[in-house]
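Student: give me coordinates for this.
(one chain, ligands or ions: 1)
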Amino acid sequence: MKNNESVVERLRSAQKVVALTGAGVSKESGIPTFRDAQTGLWKDYDPERLATPEGFLADPPLVWQWYDMRREKIADVQPNPGHYALAELEKMIPVVVIVTQNIDGLHAKAGSRDIIELHGNITRHICFDNRHQQEKVPLKLKQPPCCRCGSLIRPDVVWFGEALPPDSLEKAFAEVRSADFIFVVGTSGLVQPAASLPYIGKQAGAYIVEVNPEETPITDIADCFLQGPSGRILSNLIEQLRAIAVEESG
Ligand code: APR
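Tutor: Numbers count the residues shown, from 1 in each chain. I've put the predicted structure just below:
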């Protein structure tokens with residue numbers, strides 16, 4: 001594994017950085033991840049019942065209220081230094097693209113501008129049958145309202161067993177293929193097809209830097225594994241880039 005210094009050097013000379021992010025990047029904002037053994041959402045909640053189309057049809061109010069509760073919590077949450085560091089990177093590198101599995105909208109809130117949301121966004125809604133987009137849906141409804149076409153309304157997120165939005169997926173593949181530097185931040189690397197993006201980037205020649213407190217299947221192919229919380233690690237990298245820029249300008 002190469003050291004932090006070579007990461008800064010690589011980053012400095014990068015023309016296009018793609019950051020692949022997962023739930024871990026939002027953990028320091030107070031949003032639980034999914035697979036953490038103690039605090040992960042899937043420890044207390046059943047993904048089959050809550051995050052599949054079959055689960056929704058079996059019990060629409062249950063699924064609606066679970067997402068409503070999460071949407072309400074997320075509305076008050078602020079980005080953390082990890083999100084801000086990735087947004088800041090846009091001022092230092094010609095092209096920075098965020099490809100996120102997160103549905104919380106925190107990268108946009110932090111100021112990142114080029115974001116691909118692979119798993120949708122919890123603040124948006126569509127109808128189940130025809131994917132008609134909905135105007136703002138109020139919080140605290142006990143059950144899903146109906147679309148003009150009569151179908152139930154659901155959150156615009158990708159559930160298990162569903163295909164990712166083809167345009168977003170295609171764009172994400174193209175971005176990792178043309179990146180020279182890829183961050184893989186706060187994802188367990190277990191959910192496809194997002195989990196294949198670092199491998200595709202690596203094959204195409206990108207330098208892969210993983211940021212995570214724990215090792216994952218991606219650690220094996222990473223050129224550098226920066227172990228720790230993304231808020232601290234990413235802001236530290238930005239500080240180092242800034243210091244070099246100041247030194248050079250002086
Ligand atoms: N900073 C960075 N990474 C962290 C932090 C932190 N402070 N805290 C935890 N992590 C890491 C964990 O070690 C883990 O590897 O974040 C990762 C979270 O993994 P998951 O909970 O599996 O989340 P994610 O990979 O985003 O899940 C993918 O699964 O349930 C579905 O649709 C859901 O988008 C989600 C997908």
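Student: now do the strands in the chain.
Tutor: Assigned by DSSP state E, the chain shows strands spanning 16-21, 95-100, 115-117, 120-127, 153-157, 181-185, 207-212, 224-227.
Student: number of residues surrounding the nearest residue to residue 79 once chain neighbours are set aside?
Tutor: Nearest residue to residue 79, sequence neighbours excluded (Cβ to Cβ, 6 or more residues apart in numbering): residue 110, at 3.7 Å. For every residue, glycine as well, the C-beta is placed using N, CA and C. By other Cβ atoms under 10 Å, the residues close to residue 110 number 20.
Student: and if you look at residue 246?
Tutor: Neighbours of residue 246 using other Cβ under 10 Å come to 9.
Student: residues contacting the residue nearest to residue 79?
Tutor: When contacts are counted by Cβ atoms under 8 Å, 6 or more residues apart in numbering, residue 110 touches 79, 83-84, 86-87.
Student: could you dump the residues you listed into TSV with distance to residue 170, pLDDT and neighbour count added?
Tutor: Listed next are these as TSV, based on distance: Cβ to Cβ, whole Å; pLDDT from 0 to 100; neighbours: other Cβ atoms under 10 Å:
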residue	distance to residue 170	pLDDT	neighbour count
79	27	98	24
83	25	98	30
84	29	98	21
86	22	98	28
87	24	98	21
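Student: distance of the residue nearest to residue 79 from the ligand?
Tutor: According to Cβ to the nearest ligand atom, to the nearest Å, residue 110 stands 15 Å off from the ligand.
Student: with residue 90 instead?
Tutor: Applying Cβ to the nearest ligand atom, the value for residue 90 to the ligand is 20 Å.
Student: please name the residues that touch the closest residue in space to that residue that isn't next to it in sequence.
Tutor: Residue nearest to residue 90 in three dimensions, not counting chain neighbours: residue 96, with 4.7 Å by Cβ to Cβ, 6+ apart. Going by Cβ under 8 Å, 6+ apart, residue 96 touches 16-19, 86, 89-90, 112, 114.
Student: quick check: bridge partners of residue 96?
Tutor: Beta bridges link residue 96 to residue 17, judged by DSSP bridges.
Student: what's the closest non-adjacent residue to the closest residue to the ligand within the chain?
Tutor: Going by Cβ to the nearest ligand atom, the ligand is nearest to residue 24 of the chain, at 2.3 Å. Sequence neighbours aside, residue 186 is the residue nearest to residue 24 in space, at 2.2 Å (criterion: Cβ to Cβ, 6+ apart).
Student: the ligand contacts on this protein?
Tutor: The chain has residues 22-25, 27-28, 33-35, 40, 101, 119, 186-188, 190-191, 211-214, 216, 229-230 near the ligand, with proximity defined as Cβ under 6 Å from any ligand atom.
Student: rerun at 5 Å
Tutor: Contact residues (Cβ under 5 Å from any ligand atom) of the chain with the ligand: 22-24, 27, 33-35, 101, 119, 186-188, 191, 212, 214, 229-230.
Student: show me which of these are buried.
Tutor: By the neighbour-count criterion of 16 or more other Cβ atoms under 10 Å, the residues of the chain next to the ligand include these buried positions: 22-24, 27, 33-34, 101, 119, 186-188, 191, 212, 229-230.
Student: go through these and flag which are in helices.
Tutor: Among those, the members found in helices (DSSP state H) are residue 230.
Student: and which of the buried ones among the residues of the chain next to the ligand is nearest residue 11?
Tutor: Each of these was checked against residue 11 using Cβ to Cβ; the closest is residue 230, at 14.8 Å.
Student: break the chain into its domains for me.
Tutor: Annotated domains of the chain cover 4-30+79-119+164-249, 32-76+122-157 [automatic domain parsing].
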